[in-house]
Structure formats: C-alpha cells, structure tokens
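[1] Provide a 3D model corresponding to the input given below.
(one chain, ligands or ions: 1)
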Amino acid sequence: MFITLEGPEGSGKSTQIKRLAKRLEAMGYPVVTTREPGGTPIGDQIRHVLMRMENKELQPRTEILLFLAARAQLVEQVIKPALQDGKIILCDRYGDSTLAYQGYGHGLDLDQLREMLDFATDHLKPDVTILLDLDVKTGLMRKKAEDEWNRLDAYEVLFHERVREGYLKLAYEEPERWQIVDASQGIDAVQEDLFQIILDALENNE
Ligand code: TYD
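    Now for the predicted structure:
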C-alpha cells in the first residue's frame with residue numbers, strides 16, 4: 001500500500017512518519033519510508049540543488065523539472081519495487097506537493113502539471129494521501145524555531161497561503177483518496193489520528 005503525507009512547512013510530517021513506521025513494524029508490517037525531493041542517491045543530489053540558499057536564480061520551470069526528475073527516480077528505484085514486495089510505503093511528500101507548490105503556489109498550469117506528473121510517476125498514484133493541515137503562520141514559526149530555514153522557506157507568507165488553499169482544494173476534489181488531519185494538535189494526538197487512518201486503510205485493503 002502506497003501512503004503519502006502532505007502538508008505545509010512545519011506540519012511535522014517527518015517526525016510522524018518515523019513514529020508510524022516504528023509502530024507498524026512492531027505489528028509485523030513491512031514498511032518503507034522515504035521523502036521527497038530525495039529518497040535515492042540521485043534524488044538526494046537533485047535535492048541539494050533545490051535546497052541551496054545560493055540557488056536564488058532557480059526558475060519555477062527548472063524547479064519543477066528537478067522535483068519531477070527526483071520523483072521519477074524514486075518511483076522506479078524505491079516505490080515500485082516495494083509495492084511489488086507487498087510493503088507499506090510511507091512517503092513524505094509526492095505529486096500533490098507539486099500541484100500545491102508549483103501549481104497553486106507559483107501559478108503554473110495545473111493540467112499541464114498533471115500531465116507532467118503522470119509522465120514522471122508512470123501514472124503511479126498513492127492509495128491514501130493524508131493532509132496535515134496547519135495555518136501558515138504556525139507552520140512557518142515552527143519551522144523557524146527548528147532553525148531549518150532554507151531557500152524555499154524564504155518565500156512570502158502569501159505563497160504559503162496559496163499552497164494551503166491548494167491542498168484543501170485537492171483534498172475536496174478527491175475525497176476517496178484524501179484524509180485531512182488537524183496538525184495544530186499536539187504531536188501525540190496527530191500521531192493517533194494518522195495511525196487510525198492507516199489501520200483503517202489496511203483493514204479495507206485486506
Ligand atoms: P523540506 O526541507 O523537505 O521540507 P518539509 O519538511 O516541509 O517537507 O523541503 C521540501 C520543500 O520542497 C518544501 O518547501 C516543499 C517543496 N516542494 C515543492 O515545492 N514541490 C515538490 O514537488 C516537492 C516534493 C517539494
């Protein structure tokens with residue numbers, strides 16, 4: 001089963017994924033965790049180009065091609081093989097990040113992006129996508145506190161507002177795939193919501 005976590009900066013996806021993986025493994029499920037951009041040696045090199053503060057001249061279209069290149073590599077090298085082995089894949093960001101950030105955030109054409117996504121992912125879509133929804137200021141403050149300020153975080157708050165609205169639209173458009181969790185709750189409460197969603201999905205899958 002292919003599960004993706006989506007959400008704005010500071011929504012706590014990576015912490016939650018680590019805990020989810022431990023709990024599912026303790027129950028005997030084989031789990032693979034990964035993150036975007038990156039998750040493969042080639043993808044991590046692409047991630048480095050995307051995240052460097054100095055790369056301020058990176059253009060939106062260049063940026064999207066790099067995200068897609070990293071994703072194509074991840075799909076072939078990690079996600080498809082894990083699915084074939086019957087594993088649970090927990091992925092920190094996937095195609096919906098491109099629609100939310102490059103589409104709704106930067107205003108690139110959504111239909112065109114979807115076509116490009118289909119190409120990059122070989123049409124592979126997640127079974128379940130969970131949105132960790134959080135208001136923009138809280139998310140940015142959390143991220144700043146973590147001292148992880150990078151090139152992408154430097155965009156203005158308005159950009160992040162568009163990203164959040166974009167995520168919510170995507171979730172409402174495809175309710176059978178999406179679940180929304182309130183990420184402003186404490187870490188433990190968010191974890192319980194996520195865990196329950198995944199257990200339900202696994203049960204329905206059997
Ligand atoms: P990262 O430091 O991994 O942040 P987070 O912990 O919030 O996931 O940086 C990922 C950044 O890349 C984040 O700002 C979202 C952005 N991004 C896109 O703009 N498009 C994409 O397709 C992906 C995968 C990420």
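
[2] tally of neighbours for the nearest residue to Tyr101 once chain neighbours are set aside?
    Taking C-beta to C-beta, 6 or more residues apart in numbering, and ignoring the residues beside it in sequence, Tyr101 has Val163 as its nearest neighbour in space, at 5.6 Å. Every residue, glycine included, has its C-beta placed from N, CA and C. By other C-beta atoms under 10 Å, 25 other residues sit near Val163.

[3] Can you give me the distance of Val163 to Asp135?
    Plainly put, Val163 is 12 Å away from Asp135 if you go by C-beta to C-beta, to the nearest Å.

[4] What residues does Arg93 make contact with?
    Contacts of Arg93 were listed using C-beta atoms under 8 Å, 6 or more residues apart in numbering, and they are 4-6, 13, 35-37.

[5] ok, so of these, who is nearest the ligand?
    The ligand has its nearest neighbour among those in Glu36, at 3.9 Å by C-beta to the nearest ligand atom.

[6] What is the neighbour count of the closest one?
    Going by other C-beta under 10 Å, the residues that sit close to Glu36 add up to 19.

[7] What does it show for phi and psi?
    Dihedral pair for Glu36: phi -120, psi 150, per degrees, to the nearest 10.

[8] so where's this protein shaky on pLDDT?
    Regions of the chain meeting the criterion pLDDT under 70 cover residues 145-156.

[9] Would you mind listing what in it touches the ligand?
    9, 13-14, 36-37, 67, 92-93, 97-98, 101-102, 150, 152 (C-beta under 6 Å from any ligand atom).

[10] Only whichever of those residues are buried, select them in ChimeraX.
    In ChimeraX, this line selects whichever of the residues of the chain next to the ligand come out buried by 16 or more other C-beta atoms under 10 Å:
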select :9,13,36,37,67,92,93,97,98,101,102
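
[11] now, which of the residues of the chain next to the ligand lie within strands?
    Those of those mapping onto strands are Asp92, per DSSP state E.

[12] Could you single out the nearest of the residues of the chain next to the ligand to Leu58?
    The nearest member of these to Leu58, counting by C-beta to C-beta, is Leu152 at 9.8 Å.

[13] could you pull out the helices for the protein?
    13-26, 41-51, 60-74, 80-84, 95-97, 110-121, 136-145, 157-173, 187-205 (DSSP state H).

[14] which other residues reach the longest one?
    Counting by C-beta under 8 Å, 6+ apart, helix 187-205 makes contact with 1, 3, 5, 12, 15-16, 19-20, 23-24, 29, 88, 127-128, 130, 132, 179, 181-183, 185, all of which sit outside it.

[15] No further queries at this time; thank you.
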